[in-house]
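Undergrad: curious how this folds, go ahead:
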Amino acid sequence: MVHCSIFSKYQLLDDPGGFLKFIADKTNDVGVYNFASPTLGGPYTNAETVEVNLFNFGTASQSNFNVELRVDGSLVATEMYTGTLAADSSDTFTFTQTIDLSNPGQTYTVEAKTTLGGDEYTQNDQFEREYSYEILGTIDTSFSDTQLLIYPISDKVYEINYSTTVDYGDVTYRVVNILGQEIARGDMTNDGLSYKATVDMTAQSSGVYIVELTNGTLKASKKIFVR
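TA: Purely as a prediction, here's the structure:
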């Protein structure tokens with residue numbers, strides 16, 4: 001299971017009432033939006049390296065802030081990001097502390113969280129993912145929307161990433177607007193750990209779009225907001 005927010009210059013949040021909320025820019029606002037490693041699927045060891053993706057949602061550059069790492073709610077590391085994270089940009093951060101995910105049959109909840117002093121919007125600070133070390137593998141019978149991540153890599157350019165070690169064959173994506181009109185389509189590449197593609201939205205107007213994945217039988221979809 002993956003818990004995250006989809007974001008661009010404005011942050012798109014799910015509202016319990018079924019509405020979408022847009023949160024305007026803050027000056028100081030950073031957060032974790034994905035785990036680069038460990039990847040989903042396992043098998044895992046007792047010394048897994050944790051690498052996370054950071055994003056600066058704010059308008060001011062940030063440096064020298066702490067990132068916390070928890071496993072099943074217990075704090076295992078607090079380490080400092082010493083780089084400079086410019087406004088509207090992302091970077092990776094690797095913890096020196098490793099984690100133990102090696103117990104077969106156990107599900108681990110791993111969370112990474114930024115603790116920037118003076119952060120003006122803390123709801124996007126953390127990212128959580130569940131890791132399961134299965135003794136016997138199973139074949140997925142459906143796409144899971146929670147494994148579909150979409151995040152900006154530059155202005156109006158997004159990476160589509162579906163994390164899986166299952167070979168689903170040829171997977172394609174398409175992007176439609178809220179009227180259902182298709183504005184982009186392409187093929188996903190499979191590196192054995194995920195299906196990936198890059199979509200350029202620079203020619204599109206601001207608004208909500210839906211990204212859909214399919215292999216002809218199975219489907220997954222997620223909304224994004226383009227500024």
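Undergrad: state the distance from the spatially most central residue of the chain to residue 112.
TA: Taking C-alpha atoms, centre = their mean, the centroid of the chain lies closest to residue 34, which sits 3.7 Å from it. Going from residue 34 to residue 112 by C-beta to C-beta, to the nearest Å gives 9 Å. Just so you know, the C-beta spots here come from the backbone N, C-alpha and C atoms, and that holds for glycine as well.
Undergrad: now do the shared contacts for these two.
TA: 52, 127 (C-beta atoms under 8 Å, 6 or more residues apart in numbering).
Undergrad: buried residues, stretch 28-40. List them.
TA: By 16 or more other C-beta atoms under 10 Å, the buried positions in stretch 28-40 come out as 28, 29, 30, 31, 32, 33, 34, 35, 38, 39, 40.
Undergrad: who does whichever strand or helix holds the fourth one pair up with?
TA: So the one you mean is residue 31. Counting by DSSP states H and E, the element that carries residue 31 is strand 30-37. The strands beside strand 30-37 in its sheet (DSSP bridges) come out as strand 51-56 (antiparallel).
Undergrad: could you give me the buried positions within the strand it pairs with?
TA: Buried-residue list, strand 51-56, by 16+ other C-beta under 10 Å: 52, 53, 54, 55, 56.
Undergrad: how far out from the middle of the chain is the strand holding residue 31?
TA: Put simply, strand 30-37 sits 6 Å off its chain's centre (C-alpha atoms, centre = their mean, to the nearest Å).
Undergrad: thinking again about what came up before, and the buried residues of stretch 28-40 as TSV, adding pLDDT?
TA: Formatted as TSV, the buried residues of stretch 28-40 follow (pLDDT from 0 to 100):
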residue	pLDDT
28	95
29	94
30	95
31	94
32	93
33	88
34	88
35	90
38	90
39	81
40	72
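Undergrad: not counting its neighbours along the chain, what's nearest residue 76?
TA: residue 69 (5.3 Å; C-beta to C-beta, 6 or more residues apart in numbering).
Undergrad: poorly predicted segments of the protein, please.
TA: Scanning the chain for pLDDT under 70 picks out 1-24, 41-42, 133-142.
Undergrad: can you list the domains in it?
TA: If you go by automatic domain parsing, the domain ranges for the chain are 2-132, 145-226.
Undergrad: how close does residue 45 sit to residue 69?
TA: Here the criterion is C-beta to C-beta. By it, residue 45 lies 16 Å from residue 69.
Undergrad: residue 166 now?
TA: To residue 69, residue 166 is 27 Å away according to C-beta to C-beta.
Undergrad: what's the burial count for residue 123?
TA: 12 (other C-beta atoms under 10 Å).
Undergrad: make sure it is indeed in a helix.
TA: Yes - if the criterion is DSSP: H, G, I helix; E, B strand; the rest coil, then residue 123 is within a helix.
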